[in-house]
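> Provide a 3D model corresponding to the input given below.
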Amino acid sequence: MEVEKLFKRMNYCGPIDHTSIDILNELCLSFVSTIPYETLDNFAEKKRATRPYDLKVTFNRIVNEHRGGNCLELNMILEWMLEKLGYNVSRYMGYGYDVENDCFGHDRHHVILLVTFEDGMTWLTDVGWNGASFVLPLLMHVPTLEQSQPSGIYKVAKHDDGYYVVEKRWQNQVDEEKQIIKHNQKANEALSRYQTSKDWMVIYGFKLETKPMEEFEKAFVLSQEKHPFTTSNCLAILQDRYHRRFINGYTYVKKKYVNSMMIQVEKRKCENSELIEILRSEFGINLGYKLQPKTDLPLNVA
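Below you'll find the predicted structure:
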């Protein structure tokens, strides 16, 4: 595996001769704008065999086959690349938030990275959370700090049960004339024990507990069989600093970050043949099979 081939896949031409948060930002941005989060193989017309996790297979799939991956595939390829470049990287298991039970579901595995620099600053780094989350790394251990980037305003805070919780401020969604079509703040919902206030949504949580590689391998198998997000519908997501576009089921959505509190939305329903063409032209993915989406928009990928 050659890291230069991954740079080419990412269209990254920036500096690599030293480590810094500015370079890390650009690496993450290049990654998410060229390598999609996707769950397409889970929704092939004919069921595809469950794959064990293998870094070389993932590299070949992403770099040579021009495909994307789920959170484990994307973040572990990023981890490999950053270590090659001399970054101090640690990997931990995260868990998606279960709204109904107000907890972090251990059937909702996620993988996160922490990058620590010589100045002691540690940054939460994640290129694999399906588009609803941050693009640029978030500074750890400053729980009151609201960290703004074009895709939203975020914070990371440690709770008494040991979970570090990532939150995002609710945003307005507007149409092309900037008329509000969806206000995401849920005024009638009970406040979660992990929420700062009703102005914030819980994204995911993680603990600083080291897990053996076998646990990540098991999580990868589950992501293909019964993970409540990756097996709910076919997804393909790309984003850059100011935009996000994705396929969710039969719906194609384009979002523009007007500012950190407002998203402009365009969406349309598509036939299966149109989905295949969008994947080819917009995501660079050439599928060798017919997709079989389940529903339209079952989950919040805002």
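> how about the residue nearest to residue 31 when sequence neighbours are not counted, what does it touch?
In this structure, residue 31 finds its nearest non-sequential neighbour in residue 127, 4.7 Å apart by C-beta to C-beta, 6 or more residues apart in numbering. All C-beta spots, glycine's among them, are computed from the backbone N, C-alpha and C. By C-beta atoms under 8 Å, 6 or more residues apart in numbering, residue 127 lies in contact with 28, 31, 32, 35, 74, 75, 78.
> The same query, at a cut-off of 10 Å, please.
Counting by C-beta atoms under 10 Å, 6 or more residues apart in numbering, residue 127 touches 27-32, 35, 37, 69, 71, 74-75, 77-78, 113, 133-135, 137, 239.
> any idea which helix or strand carries it?
Element membership for residue 127 (DSSP states H and E) is empty, with no helix or strand holding it.
> Quick check: phi and psi on it?
The phi/psi pair for residue 127 (degrees, to the nearest 10) reads phi -110, psi 20.
> I'd like to know which of the contacts of residue 127 are part of strands.
Residues of these located in strands (DSSP state E): 37, 113, 239.
> Show me which of the contacts of residue 127 are buried.
Buried members of the contacts of residue 127, counted by 16 or more other C-beta atoms under 10 Å: 27-32, 35, 37, 69, 71, 74-75, 77-78, 113, 133-135, 137, 239.
> And the strands in the stretch 201-302 of the chain, which stretches?
Here the stretch 201-302 of the chain has its strands, by DSSP state E, counting those that start in this stretch, at 235-239, 243-248, 251-259, 262-269.
> now for those, which one comes closest to residue 90?
Closest approach to residue 90 among the strands of the stretch 201-302 of the chain (C-beta to C-beta): strand 235-239, 24.7 Å.
> Parallel or antiparallel, list what pairs with the closest one.
Strand 235-239 has the following strand partners under DSSP bridges: strand 37-38 (antiparallel), strand 243-248 (antiparallel).
> So which of those strands is nearest residue 224?
For the strands paired with strand 235-239, proximity to residue 224 was assessed by C-beta to C-beta; strand 37-38 is nearest, at 12.4 Å.
> after that closest one comes which helix or strand?
Counting by DSSP H and E, the next helix or strand C-terminal to strand 37-38 is helix 55-59.
> Hmm, residue 102 and residue 161 touching each other?
No - using C-beta atoms under 10 Å, residue 161 makes no contact with residue 102, being 11.9 Å away.
> list the residues that contact both of the two?
Common neighbours of residue 161 and residue 102, using C-beta under 10 Å, 6+ apart, are 193, 194.
> and residue 156, that one's in a strand?
Yes - assessed by DSSP: H, G, I helix; E, B strand; the rest coil, residue 156 belongs to a strand.
> So residue 91, which state does it fall into?
With three-state DSSP as the criterion, residue 91 reads strand.
> How about it: which residues does it bridge to?
Those that pair with residue 91 in a beta bridge, by DSSP bridges, are residue 113.
> OK, contacts around it?
Going by C-beta under 10 Å, 6+ apart, residue 91 touches 72, 75-76, 78-79, 111-114, 210-211, 213, 216.
> quick one: the residue located most distally from the centre of the chain and residue 49, what's the gap?
The C-alpha centroid of the chain is most remote from residue 177, which lies 28.4 Å away (C-alpha atoms, centre = their mean). Distance, residue 177 to residue 49, using C-beta to C-beta, to the nearest Å: 48 Å.
> Name the SS class of the nearest residue to residue 85 once chain neighbours are set aside, please.
Of all residues not flanking residue 85 in the chain, residue 16 sits nearest, at 5.6 Å (C-beta to C-beta, 6+ apart). With three-state DSSP as the basis, the three-state label of residue 16 is coil.
> Quick one: neighbours of residue 16, just the number.
For residue 16, the number of neighbouring residues by other C-beta atoms under 10 Å comes to 16.
> tell me the contacts of it?
3, 4, 7, 23, 27, 81, 84, 85, 86.
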